[in-house]
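*Asks:* Let me see the structure of the following:
(one chain, ligands or ions: 1)
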Amino acid sequence: MIYADYNGSSPLLPEVSEYLTKRIHSHLFANPNAIHSMGQKINMGIEKCREMISQVVGCHPDQIIFNSGSSEGIANIFHSILNLKDQTKKKIIISPIEHAAVMNAALYYKEEWAYELIFTPITEDGVIDTKKVEELILKNQTELAMICIMSANNESGVIQPIDKIVPLAQKFNIPFFSDTTQTIGKHAFHFEKSGVDYAVVSSHKLGALVGAGFIIAKNPVTIKSLVFGGGQERGLRGGTQNYLGIETMAIALKIFSERTSQLLQLKLARENFEQEIKKLCPEVVIFGEKADRLAGTTLLSFPGIHGQAVQIELESHDIFATTSAACSDNQPETSKVLLSMGVPDDIGRGVIRLSLSFSQGQKEYSSLAHALKSAYTKLSKIKSY
Ligand SMILES: Cc1ncc(COP(=O)(O)O)c(C=O)c1O
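*Replies:* Predicted coordinates for the structure are as follows:
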C-alpha cells in the first residue's frame, strides 16, 4: 500500500504511534488547568511541547497559541487583524490560490463587512507575481488592512516567494498572514526569519493526531479570542487544551527537524519520477513544473483522461491519491487554483495529485510510476472526454 495524500492528511508517524500507545497506558488524563498535581503534570507537558515546537518553527514559546488546527487559526487571525471600525483600511491583498479556509474567511469579511479583496496575479507556474504584488501594495498602502499569501499551495505544492513581499509589508506596517499549513513540518520554515506576522499549523498534516494546531503570532497580544472558554492559553484561546494532540505535534515536529536531509532525496526521487512520466506520456502536464515546490508534491494531468479514472486505477494498485484538494474532490471541474494559473478545462479535469512525505522516496516513486504507466496505457485507449 502506498499512501500518496500527505497534503490532505498524514498518517501518524511511527514514533508518534509508539509514543501514543505508551502515553495511553500511563493513564495520565486530567484537566491541564486544574491545580492538582495530575493537572499540573499535564500542564507542564504542554509547556514543554510549546518550548520544543518553538525551537523547530523558530519563534518564542509565548508566540504559540494552541488551538484545534488551521481552519480555526485562520478564522482567528482574520478576526484579530481586521478592525471593523476602521473605515480607512478596507482592502485586503490576497492570492487567488488560497485554501478554502482562507478564501471563505476573506469572502465573509467582503460580504458582511464590505472589505475589498485585491487578488494577486499568478503566473502559469502557480507562483504569485511579486512585481505586480509590490505595485499593488504601493498603490493601496494606506488602505490595506492585511496581506494574505500562503507559503505553499496545497494542490500544486508550489512554494510562494513571500520573502520578496514581506519587507514592503513591514515598511508600511501592513499585517502579513501566511497560511503555513503545508509548509511547517514539510519544508524548511523559520517564523522569525520569514518576517510574517501570523502563521498557522494543523497537527494532522504533520503525522500527529488530528484535531490540534496552533497560531504563531509575532505579537500575541494582537490575537483577539474567538473561543472565549475559561481563559486558557493566556486568555487568547479558551477551551481545555487538546494535550494529547499537542504532545504528538511536538514529537512529529521534532522528528521532522531531525530528518530534513531526507527532503532532498525525496525531491530528487520526485524529479526522476516526473521525467519518467514525461517519457511515458509526453503530453502530460505537470503543474508548477518550473517552480520551487514541496519536495513530495506532483500535480499532473493526462489531457483527455479524467483524473478520477486515474485515481480509481491507482487505487486498484493499492495507491491512495486524490484528484485535487480534498475539499474540491467532489467537484468534477477545474479547481480555482488551476483556473488562476490559466489552465483550460480539458487539462484541469484530468488532474491527479500525488503527495508524499519525507519518510517515503525512491521505492514509492517507482511503484507510482509503474501504476501510472499501467493506468495510462489502459485509459488512453478509452479517453474519457
Ligand atoms: C493550505 C491549507 N490551509 C488550511 C487548511 C485547513 O486545515 P484544517 O482542515 O486542518 O483546518 C488546509 C487543509 O487542507 C490546507 O491545505
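
*Asks:* Could I have the CA atoms of stretch 69-78 written out in PDB?
*Replies:* Presented in PDB, the C-alpha positions along stretch 69-78 are these (Å, rounded to 0.1, in the frame of the first residue of the first chain):
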ATOM      1  CA  GLY A  69      -6.000  23.400  13.700                       C
ATOM      2  CA  SER A  70      -5.500  25.700  10.700                       C
ATOM      3  CA  SER A  71      -9.200  26.400   9.900                       C
ATOM      4  CA  GLU A  72      -9.700  27.800  13.400                       C
ATOM      5  CA  GLY A  73      -6.400  29.600  13.300                       C
ATOM      6  CA  ILE A  74      -7.200  31.300  10.000                       C
ATOM      7  CA  ALA A  75     -10.600  32.500  11.200                       C
ATOM      8  CA  ASN A  76      -9.000  33.700  14.400                       C
ATOM      9  CA  ILE A  77      -6.300  35.700  12.500                       C
ATOM     10  CA  PHE A  78      -8.900  37.400  10.300                       C
END
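
*Asks:* and it, average pLDDT?
*Replies:* Across stretch 69-78, pLDDT averages out at 98.

*Asks:* Is there proximity between it and the ligand?
*Replies:* Yes. Judged by Cβ under 6 Å from any ligand atom, stretch 69-78 comes into contact with the ligand at 69-71. No exception for glycine: its C-beta is placed from N, CA and C like everyone else's.

*Asks:* any weak-confidence spans in the stretch 251-385 of the chain?
*Replies:* By pLDDT under 70, the weakly predicted segments of the stretch 251-385 of the chain are 324-332, 383-385.

*Asks:* Sketch out the helices for it, chain order is fine.
*Replies:* 261-280, 307-316, 336-340, 345-348, 362-379 (DSSP state H, counting those that start in this stretch).

*Asks:* Need the winner for burial among those helices.
*Replies:* helix 336-340 (a mean of 21; mean count of other Cβ atoms under 10 Å).

*Asks:* Can you list phi and psi of the residue lying closest to residue 299 once chain neighbours are set aside for me?
*Replies:* Nearest residue to residue 299 in three dimensions, chain neighbours excluded: residue 287, at 4.3 Å (Cβ to Cβ, 6 or more residues apart in numbering). Dihedral angles of residue 287 (phi, psi; degrees, to the nearest 10) stand at phi -70, psi 140.

*Asks:* wait, doesn't residue 287 sit right on residue 301?
*Replies:* Yes. Using Cβ atoms under 8 Å, residue 287 is in contact with residue 301, at 7.5 Å.

*Asks:* list residues touching both of the two?
*Replies:* residue 351 (Cβ atoms under 8 Å, 6 or more residues apart in numbering).

*Asks:* and this protein, which of its residues are near the ligand?
*Replies:* 69-71, 99, 101, 150, 154, 179, 181-182, 202, 204.

*Asks:* can you do 5 Å?
*Replies:* 69-71, 99, 101, 154, 179, 181-182, 202 (Cβ under 5 Å from any ligand atom).

*Asks:* follow-up on the earlier one: save the helices of the stretch 251-385 of the chain as a markdown table, and put in distance to residue 123 too.
*Replies:* Compiled in a markdown table, the helices of the stretch 251-385 of the chain are given as follows (distance: least, Cβ to Cβ, whole Å):
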| stretch | distance to residue 123 |
| --- | --- |
| helix 261-280 | 19 |
| helix 307-316 | 23 |
| helix 336-340 | 10 |
| helix 345-348 | 16 |
| helix 362-379 | 27 |
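
*Asks:* Residues touching the helix or strand hosting residue 244, excluding its own?
*Replies:* Using DSSP states H and E, residue 244 sits in helix 243-258. The contact list for helix 243-258 (Cβ under 8 Å, 6+ apart) reads 12-13, 15-16, 19-20, 23, 32, 42, 45-46, 48-50, 52-53, 55-57, 66, 184-186, 201, 203, 206-214, 358.

*Asks:* List the buried residues of it.
*Replies:* Under the neighbour-count criterion of 16 or more other Cβ atoms under 10 Å, helix 243-258 has 243-256 buried.

*Asks:* the strands in this protein, which residues?
*Replies:* 2-3, 64-67, 91-94, 116-119, 144-148, 176-178, 198-202, 213-217, 285-286, 297-301, 319-320, 351-355 (DSSP state E).

*Asks:* so what secondary structure elements neighbour the fifth one?
*Replies:* Contacts defined by 3 or more Cβ pairs under 8 Å, 6 or more residues apart in numbering; DSSP states H and E place strand 144-148 against helix 70-81, strand 91-94, strand 176-178.

*Asks:* That strand pairs with which strands?
*Replies:* Sheet pairing here is set by DSSP bridges, and for strand 144-148 it gives strand 91-94 (parallel), strand 176-178 (parallel).

*Asks:* Which one of those strands lies nearest to residue 265?
*Replies:* Evaluated over the strands paired with strand 144-148, closeness to residue 265 peaks at strand 176-178, with 26.7 Å, by Cβ to Cβ.

*Asks:* what mean pLDDT does stretch 12-23 have?
*Replies:* pLDDT averaged over stretch 12-23 gives 98.

*Asks:* again, but for stretch 127-138
*Replies:* On average, stretch 127-138 scores 98.

*Asks:* partners of the residue of the stretch 201-350 of the chain found nearest the ligand in the sheet?
*Replies:* Closest contact between the stretch 201-350 of the chain and the ligand, by Cβ to the nearest ligand atom, is at residue 202 (3.3 Å). Residue 202 has the following beta-bridge partners by DSSP bridges: residue 213.

*Asks:* Many thanks, I have nothing further to ask.
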